[in-house]
Structure formats: C-alpha cells, structure tokens
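Participant: From the sequence below, what's the structure:
(2 chains)
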Amino acid sequence: MNSENLLSIKNLKTHFTVGKSVVKAVDGVSFNLEAGKTFAIVGESGSGKSITALSIMGLLPNNLAQTERGEILFDNKNLIDLEENEMRKIRGNRISMIFQEPMTSLNPVYDLSYQISETIILHQKKSKEQARKIAIEMLDLVGIPEPQKRIDSYPHELSGGMRQRAMIAMALSCNPKILIADEPTTALDVTIQAQIIDLMQELQKKLGMSIIFITHDLGVVSEISDHVMVMYLGNVMEIAETSELFNNPLHSYTKSLIDIAPQISDEKREIKVLRGEIPSPTNPPSGCVFRTRCPNPGIGCKGGDIDMGLIEARPGHWVDRCCYESSQT
Amino acid sequence: MIRVENIKKYFPIKDGFFNNKSGDVKAVENVSFEIPEGEILGLVGESGSGKSTLGRAIIRLIEPTQGNIFYKNKNITKLSDSEMRKLRKDFQIIFQDPYASLDPRKKVFDIISQGLKVHEKIDKNSMNQIVEEIIQDVGLQKEHLNRYPHEFSGGQRQRIGIARALVLNPKFIIADEPVSALDVTIQAQILNLILELKKKYSLTILFISHDLSVINQIADRVMVMYLGHIVEVANTSNLFSNPQHPYTRSLIETAPQIFRKNKKKTLLKGDIPSPINPPSGCVFRTRCPNPGIDCKGGNIEMGLIEIEPGHWVDQCCANCN
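Facilitator: Here you go, the predicted structure:
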C-alpha cells in the first residue's frame, strides 16, 4: 500500500496439525511495517504473537506448521515461497530476532566472541580476526563495559541485563533491516527493563532499523512503539497508531486491556476485571472469537455467518468488523 | 499483629575441603517493621533484594540469624518446633509459580485438605464440607476437586493455591509474587479475588511483588527494599505522590505506564550489587543518580528516620536530599 513499507504481511495463516485437530494459531493476520518504525504486537499468552514472529522468520518446523496461505513480502520477495537456503541468507542478516529468556537463547558452552562472530563470518564473509573486532565494537555499542575483556566471557558470567545486551549485539551485528524482539524485557527487573528499552530506542535512532516488538505489557507498548496491533486467539482485533489506540480504542478487547492495566496513581482505584480465560485454539468460539469474554456481546456476534476481518474505522485505525459494527448500532 | 525487630539473615558460604566459612550472603540486614491487623503491606524490590527471604524468615520457614519476631505480642523467635507447629496454621503462603507449587500427583481435593488432616481432628464429612465451600470461594466448582493440577490453566491453579492457603482459616498470609506468572487479564482477576477473600476471612497480608503498579493497586502501605535494607516505608498514596528515596523515585519513573503524567525518567546505572560484598557506606550509592561525597564513607549508617508521620526514609538519603 505504502512505498515505505519494509515488510508487508497479508492474510497470514499458520495452522498446526495436532493429531486429528487443527490449531489455528495465526488465522489471517495482515499488517505493514514501515521503515525505521517500531511496530508492537500485544496480546495474552496463546494469542499468536510469537507464532506470527516465528512465521516471519521461517523458524517453524515444516512437518507441523503449515503456513499455507498469505504473503510475507520483504524486498519484493514472498518469504513463504523461499527455499531454506535463500531464507538462510535473510535470517540473522537482514531480519534478526531476540528472545525473552537470554539465558536459554545463548549457548552456554561458547564464549561471546564465538557466538557473535559466527553470524558475522557467515553472512559478511569476514575473517575470524575482523569478525572479533566487529564483535567488540558491537558489545561497546550495546553498552557493555570493558568490551575487550567481556568478549571472552561465557553467558553464565553475565547478569540477565548484560545477557540481553549481548543478544542484541549478536542480532544487530549484521546491521539488519528488521529486528524482531519477542518479549525481550519480560524476564528482566524493572530497572533493567528500562535500561534495555532505552538502549533499543537509542540503537534504532543510530542504525535506523525497524523493530517488531512483541509484548503482553501495554505500558511497555506505549513507551516504545509507533504502531500497535492487538491480537486475540490468532486474530487481529485492532491496529492503530499508538497514541490513537490508547486515546480512542474501538474494540471492546482493547478497551478492557486498557481498563485493567495496572496504573500507578495517587489514589487507590477499583480493580477492573475481564472475566474468563482465553479459549482453546483447537475449538475457538463460533462467530466472533472474543464473544465468550466480551463485556457486552451482541446477539449477532454468535452467528456462524460472522466473518472476522478488519475495517478501517478512521484513517489508519483498523478494527475487527464485528465488534465495530455492533458498537455502532 | 506481626512485629519484627532488627531481623537479619545471613547465609554462610562454605568453601574448600574442610567446608570453612569464607563469607556471608547478607540477604536481610537489620529490618524492623509492624503489620497491624487487617492491613495489606506491600514489599517491593528487585530480584536479589531479599524480599522472599524476609517473608520466609518472618514465619521462621528459614531461621533468622538475629532479631525478634512478635506475633500478637508473643515472641515467636525462640519457640520450639512443636510449639511453632501449632502456630503454623495461622500463617500461610501463596507462591509465585502455580505450576511448581502444586503436587502433580495429587488431586485438588488432597492438595487442599492436606492442612486439615495435619492440623484439625475432624471427620470426613465436615472436611468435605469445608473443602467444598473453600473451592467455591475461590471461584472454582466442586467438580474440580477430583482433577489433577495439569488439567487447569495458570489462573485456576493460582486459585487452588489460594484455597490451600485459606483452608485452615489463617490470620496472616504471605503472598510471594502471586500474580507475576499470570497474564494481565488473569492478574486482575486474582488481585480482585485476594481483596475479596481478605474481607471475608479478615486476613492480614504481606504482599511481595517487584511490580509497583500491582503494589499500588492492592497495598495499604508499602516498604521498598534494596540489597537487604528497607530504604523507604510509607502509606501507598504518600509513597507514590511524594517518594523521597532516589531508588523509590527511579522505580516509579521507570515503571512502564500507558498514560504517563511525568515524562522524566531517571535510569539507574548497572545492576544490583552482590549481597556477598555490598558497597560500603550507603548500599545504594553505586547506582544512585546523584551520590553525595559522604555516602561512601565507612561511618554512614543505614537506618530509617521518620520525615513525616508514618513516612520513613533511609537516613543517608534523607540527609542527602
């Protein structure tokens, strides 16, 4: 739609076959990522945030997951159609990813020098010595003190915050266009979380990459992102610019999330509650997927003839059709 | 209800062939406080600040190295194990991880009724009745009693954990990060449940969390802990509207918020230091945004002073301001 779109995802569906049933983990997701911007994906566990990210990276096992329909357009190529060896040239090089748990995503038996150099040697055809030099520069860039010394450390010698910095250094070492960050601060303490968010914003300014930031924390979303997508049970509920979404939420799920998010205030507030739990994706509700937890479900939401799908309610503000239309009448 | 005086907990580090003591992990340092009956006292701090150790030391699940604990004006620090066991049913804990804290091989009924079997001599019928009542109080149904923990979601498991804690009609509950492992929507449900049950069972609660916005919602009074020391205590509205300690201020400013009033953010440098070898002088000085020259000296004593009624701050930082 827009020439500035770096990554454009259209109607992405990732389904898993488990025994005889099909789990629709991602069921029709579309969004655009603009160059140099941060796009947040927010939702509860089981909403399909991480599977969306892994589908983009092509990291799901072929025998289980079927990303059959839809398009992931990057550089005029549909990533879904790429062969594994072509995808390998993009993964870690043009699009890279950092994960929630920095201890499990770093290899405990190799030092940082080896782990960071590996990507640089592979993608940029540098010698070992050059790669080590770049790795030291990267550690310096992500704010690790004494990088010449730290480069020879093993992951267990670093604190949680330092490990996440090392992960970021590794992910950015080939100067990717897109960084996918899957709950990168969830396992960290508040003060360290603030440091990492600050670092990511600073690096984005310096290096100009786009970020897809996955989180369940609306507070973090409002700190870091330009656009937000709210997901529920594999479906997109709402997409908008961050300030527009928070000041003018249209979907009842988004409204509930904002209502119940813990806020620091001087007076004690009543705790608001959204009832129930996210249903099983093997057996999603008929009609609108959110209707079982909706505070004001319409009669029409139940019917089998409800189609989930986004409409543009205001310029740049997309919301699921069912919820929007029932709120208008 | 509970009064704690100068409690300390050091864990010895043993090294070498003869297991010689080579140092201490100074987990809790000279902490004193009171919890009046019916209060929810929030205890907030980063990992490694000593929150959970303090919680456990109060009810002597780990023995404090030094200090006195009073329960209803009775010193329980030196009680023998058998005397303590009689008091145990007054104290209960709700744990963080609803997956690890329930025995996977026991049915929900057995998990909840375990405490009754140990502490109360009652017949089967009245036990069934109590358990059935409590499972409904926490928002589950009787049918759930015959199932195993793996059949439940995280939020439901936490409800089972709460039912287990309440079945003996305790007076004092330690809730150790009870909502940290849960999704936001479930978190709100559990917080609400805790508030409801607090009223119904007239509980006194020590609520441990690293999340200031959760503490803000649930606590009547808040203690901020850093590296084994309490650095600030105040009632909730006072602490959030008028934080005095630079650590508290930074925690409040950096907590992610949807609608932020104050855009200023003071980031803390570095990580929390090791409790084996804490900084000399003021323990916070290595991360303080504006450390004074005096903070380093060996003659600095950590300790709280009252700057307005009910609002206590560490004296070093209070003087620094």
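
Participant: which stretches of the chain form helices?
Facilitator: If you meant another chain, say so; for now it's chain A. A:49-57, A:84-90, A:102-105, A:112-124, A:128-141, A:147-150, A:160-172, A:190-207, A:218-224, A:242-247, A:252-260, A:321-328 (DSSP state H).

Participant: The intended chain is chain B.
Facilitator: So, for chain B - with DSSP H - the helices run B:51-58, B:81-87, B:108-119, B:124-137, B:154-166, B:184-200, B:212-218, B:236-241, B:246-254, B:315-320.

Participant: how about these in TSV, adding distance to chain A?
Facilitator: Quick note: C-beta positions are derived from backbone N, CA and C, even for glycine. Below are the helices of chain B laid out as TSV (distance: least, Cβ to the nearest Cβ, whole Å):
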stretch	distance to chain A
helix B:51-58	12
helix B:81-87	32
helix B:108-119	17
helix B:124-137	16
helix B:154-166	6
helix B:184-200	4
helix B:212-218	3
helix B:236-241	4
helix B:246-254	4
helix B:315-320	16
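
Participant: could you dump those to TSV with mean pLDDT and mean neighbour count?
Facilitator: Converted to TSV, the helices of chain B look like this (pLDDT from 0 to 100; neighbours: other Cβ atoms under 10 Å in any protein chain shown):
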stretch	mean pLDDT	mean neighbour count
helix B:51-58	93	23
helix B:81-87	90	11
helix B:108-119	93	18
helix B:124-137	94	15
helix B:154-166	94	23
helix B:184-200	93	20
helix B:212-218	92	24
helix B:236-241	92	19
helix B:246-254	92	23
helix B:315-320	79	18
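
Participant: out of the ones you listed, which comes closest to A:Q115?
Facilitator: Nearest of these to A:Q115, taken as Cβ to Cβ: helix B:246-254 at 29.3 Å.

Participant: hmm, back to that, between the helices of chain B, which one is closest to B:K264.
Facilitator: So among the helices of chain B, helix B:246-254 is nearest, using Cβ to Cβ, at 6.2 Å.

Participant: Quickly note the distance from A:L199 to A:K206.
Facilitator: For A:L199, the distance to A:K206 (Cβ to Cβ, to the nearest Å) stands at 10 Å.

Participant: okay, A:T67: pLDDT?
Facilitator: In this model, A:T67 is scored at 68, pLDDT.

Participant: Show me the shaky parts of chain A.
Facilitator: For chain A, the stretches with pLDDT under 70 are A:1-3, A:67-68, A:303-305, A:329.

Participant: related to what we said a few turns ago, what about A:L199 and A:K206, which has more around it?
Facilitator: Counted by other Cβ atoms under 10 Å in any protein chain shown, A:L199 and A:K206 do not tie: A:L199 has more neighbours, with 18 against 10.

Participant: Quick one: end-to-end distance for stretch B:256-268.
Facilitator: 15 Å (Cα to Cα, to the nearest Å).

Participant: residues in contact with it?
Facilitator: A:191, A:193-195, A:197-198, A:217-223, A:246, A:258, A:261, A:263-264, B:213, B:246-247, B:249-250, B:253-254, B:287, B:289 (Cβ atoms under 8 Å, 6 or more residues apart in numbering or on different chains).

Participant: Of the residues you listed, grab the buried ones for PyMOL.
Facilitator: Buried members of the contacts of stretch B:256-268, defined by 16 or more other Cβ atoms under 10 Å in any protein chain shown, are picked up in PyMOL with:
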select buried, (chain A and resi 191+193+194+195+197+198+217+218+219+220+221+222+223+246+258+261+263+264) or (chain B and resi 213+246+247+249+250+253+254+287)
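
Participant: what pLDDT does whichever residue of the stretch 201-321 of chain B sits closest to chain A get?
Facilitator: At 3.0 Å from chain A, B:P256 is the closest residue in the stretch 201-321 of chain B, using Cβ to the nearest Cβ. B:P256 is assigned 88 on the pLDDT scale.

Participant: quick one: it from A:A261, how far?
Facilitator: 10 Å.

Participant: hey, what's in contact with both of those two?
Facilitator: Joint contacts of B:P256 and A:A261 (Cβ under 8 Å, 6+ apart) are A:G219.

Participant: follow-up on the earlier one: any chance of a markdown table for the helices of chain A, columns distance to B:E132?
Facilitator: Shown next, in a markdown table, are the helices of chain A (distance: least, Cβ to Cβ, whole Å):
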| stretch | distance to B:E132 |
| --- | --- |
| helix A:49-57 | 39 |
| helix A:84-90 | 56 |
| helix A:102-105 | 41 |
| helix A:112-124 | 55 |
| helix A:128-141 | 59 |
| helix A:147-150 | 58 |
| helix A:160-172 | 43 |
| helix A:190-207 | 41 |
| helix A:218-224 | 38 |
| helix A:242-247 | 44 |
| helix A:252-260 | 30 |
| helix A:321-328 | 39 |
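
Participant: Kindly report the residues of the stretch 101-250 of chain A close to chain B.
Facilitator: When proximity is defined by Cβ under 8 Å from any Cβ of the partner chain, the stretch 101-250 of chain A lies next to chain B at A:159, A:161-162, A:189-195, A:197-198, A:216-223, A:246.

Participant: and A:Q328, how many neighbours?
Facilitator: For A:Q328, using other Cβ under 10 Å, the count is 8.

Participant: With adjacent residues omitted, what lies nearest to the closest residue to chain A within the stretch 1-150 of chain B?
Facilitator: Nearest residue of the stretch 1-150 of chain B to chain A: B:E46, at 4.4 Å (Cβ to the nearest Cβ). Excluding the flanking residues, the one nearest B:E46 by Cβ to Cβ, 6 or more residues apart in numbering or on different chains is A:D189, at 4.4 Å.

Participant: do B:M84 as well
Facilitator: B:M84's closest residue in space is B:R60 (Cβ to Cβ, 6+ apart), at 6.2 Å.

Participant: residue contacts, the one you found?
Facilitator: Contacts of B:R60 (Cβ under 8 Å, 6+ apart): B:69, B:76-77, B:79, B:84.

Participant: neighbour-wise, which of those leads?
Facilitator: Counting by other Cβ under 10 Å, top hit in the contacts of B:R60: B:I69 with 20 neighbours.

Participant: contacting residues for it?
Facilitator: Per Cβ under 8 Å, 6+ apart, neighbours of B:I69: B:2-5, B:7, B:57-58, B:60, B:75-77.

Participant: same check, this time on A:G36
Facilitator: A:204, A:208-210.

Participant: if we go to 6 Å?
Facilitator: Applying Cβ atoms under 6 Å, 6 or more residues apart in numbering or on different chains, we find A:G36 in contact with A:G208.

Participant: Which pair of the contacts of B:R60 spans the longest distance?
Facilitator: Between any two of those (Cβ to Cβ), the greatest distance is 10.9 Å, for B:I69 and B:M84.

Participant: tell me, what residue is most central in chain B?
Facilitator: B:I208 (3.0 Å; Cα atoms, centre = their mean).

Participant: should've said chain A
Facilitator: Note: chain A centre (Cα atoms, centre = their mean) maps to A:I214, 3.0 Å.

Participant: how close does the nearest residue to A:V221 once chain neighbours are set aside get to chain B?
Facilitator: Excluding its sequence neighbours, the residue lying closest to A:V221 (Cβ to Cβ, 6+ apart) is A:A40, at 4.5 Å. For A:A40, the distance to chain B (Cβ to the nearest Cβ, to the nearest Å) stands at 12 Å.

Participant: ditto for A:E71
Facilitator: In terms of Cβ to the nearest Cβ, A:E71 sits 31 Å off from chain B.

Participant: you'd agree that residue is up against A:N78?
Facilitator: Yes - taking contacts as Cβ atoms under 6 Å, A:E71 lies within contact range of A:N78: 5.1 Å.

Participant: and for these two, which residues touch both?
Facilitator: By Cβ under 6 Å, 6+ apart, no residue touches both A:E71 and A:N78.

Participant: Which one's more surrounded, these two?
Facilitator: A:E71 (16 against 13).

Participant: Counting neighbours, what do you get for the closest residue in space to that one that isn't next to it in sequence?
Facilitator: Among residues not flanking A:E71 along the chain, A:K10 sits closest, at 4.4 Å (Cβ to Cβ, 6+ apart). Close neighbours of A:K10, defined as other Cβ under 10 Å, add up to 16.
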